[in-house]
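Asker: Pasted the sequence and its predicted model underneath.
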There are 2 protein chains.
Amino acid sequence: MPAVLEVLAEPHRRQILDALRQGEQPVGVLVDVLGASQPAVSKHLRVLREAGLVDVRPEGQRRLYRLRPEPLLELDAWLEPYRQMWRISLDKLEGHLTPGVPDA
Amino acid sequence: MPAVLEVLAEPHRRQILDALRQGEQPVGVLVDVLGASQPAVSKHLRVLREAGLVDVRPEGQRRLYRLRPEPLLELDAWLEPYRQMWRISLDKLEGHLTPGVPDA
DNA sequence: AGGAAATATGCCCTGAGCGTTATATGTGTG
DNA sequence: CACACATATAACGCTCAGGGCATATTTCCT
C-alpha cells in the first residue's frame, strides 16, 4: 500500500523534502542544496509530485514546490500497529514487577 | 541516515514484518505467507536482519525470526519534524475558527 | 521579435536489486 | 551412520531506477 516508502527510499528525495520544510522553494535552490544536476532534481520532483508528496505552483518562470502532508500521514498510520506492539512490550517490562505473567 | 526506508521499500519485506507482528515465526511459515520461494525469503530476512529490523533465534532445525523495534522508532523519529509542521498548519486552521485557544 | 533564464523531457547507459536454480550447511531421526 | 528436513548461500540473468547530456518548452526582458 504505501508507495510512499518506495519514494522515500531515495536519499536525494528525502533531502528535497527536508529542504522544503523551510517552505516553498524553486527548483534552482533545490539543485544547489542537493548538489545534483538540474535534470536529476526535476525528475525526483516529478516522482515526489506523482506520489503526492509535493505540490507545484508556477511563479513567473520559476516553479515553487511545497510539501504535502497526506502521504506522510499515511506512513504515520502504517507505523501505528508497530507502535502499539512496542507499547505493549514496554507495558510488559513494567509489568515485570507484578509476577505470574508468561509471554505467548 | 534512515537506511530503514530503503529496506522497507520492498513489499515482501513489509509483508514479513507484518507477519511477524503475530509473534516469532520460522522461515517456513513466512514462505507460505508470502507465497515466495524459500531462498527469496531467506535473502529478505538477511536484509532485514542486517538492518536490525528482525532478530533470529535458533530453535532446533528452525530459525525463529522476531521483530525489533529500534529501526522503526528511528523512522518514527525521522517523521517528527514533519509532524510538527502539520501540527502547526492544523493549529493555524483551528485558530481561524476558535481564536485564542492553544491546546496542550 | 530575439535572446536569456528556469524548468521539463527524451534517450542512453550503468549499476543494483530481486528472483530462480542449484548447492552447501546444519540438525534432528531411525 | 545414513537420510530427511529446514534454512542459508552461490551464481546467474533480468529488469528497472537513477544519472548525464542534449534538447524542448515556457516566460521574462529589452
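Answerer: Now that the structure is in, tell me what you want to look at. None of the values given here were measured: they were computed from a predicted structure.

Asker: tell me the secondary structure for the residue nearest the centre of chain A?
Answerer: The C-alpha lying nearest the average C-alpha coordinate of chain A belongs to A:Leu72 (Cα atoms, centre = their mean; 5.1 Å). Recorded secondary structure, A:Leu72: helix (DSSP: H, G, I helix; E, B strand; the rest coil).

Asker: I figured it hits A:Arg14, correct?
Answerer: No. Judged on Cβ atoms under 8 Å, A:Leu72 makes no contact with A:Arg14 at a distance of 11.4 Å. Any C-beta I mention is one placed from the backbone N, CA and C, and that applies to glycine too.

Asker: What parts of chain A come near DNA strand C?
Answerer: A:26-28, A:31, A:38-39, A:41-43, A:45-46, A:56, A:61-63 (Cβ under 7 Å from any atom of the strand).

Asker: how does it look with 6 Å?
Answerer: Within chain A, the positions near DNA strand C by Cβ under 6 Å from any atom of the strand are A:26-28, A:38-39, A:42-43, A:45-46, A:56, A:61-63.

Asker: Identify the residue of chain A closest to chain B, quick one.
Answerer: A:Ala9 (3.8 Å; Cβ to the nearest Cβ).

Asker: Got the domain ranges for chain A?
Answerer: What the record gives for chain A is the domain set A:1-68, A:69-104, from automatic domain parsing.

Asker: now those in CSV, with mean pLDDT and distance to B:Glu94?
Answerer: Converted to CSV, the domains of chain A look like this (pLDDT from 0 to 100; distance: least, Cβ to Cβ, whole Å):
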stretch, mean pLDDT, distance to B:Glu94
domain A:1-68, 96, 19
domain A:69-104, 78, 15
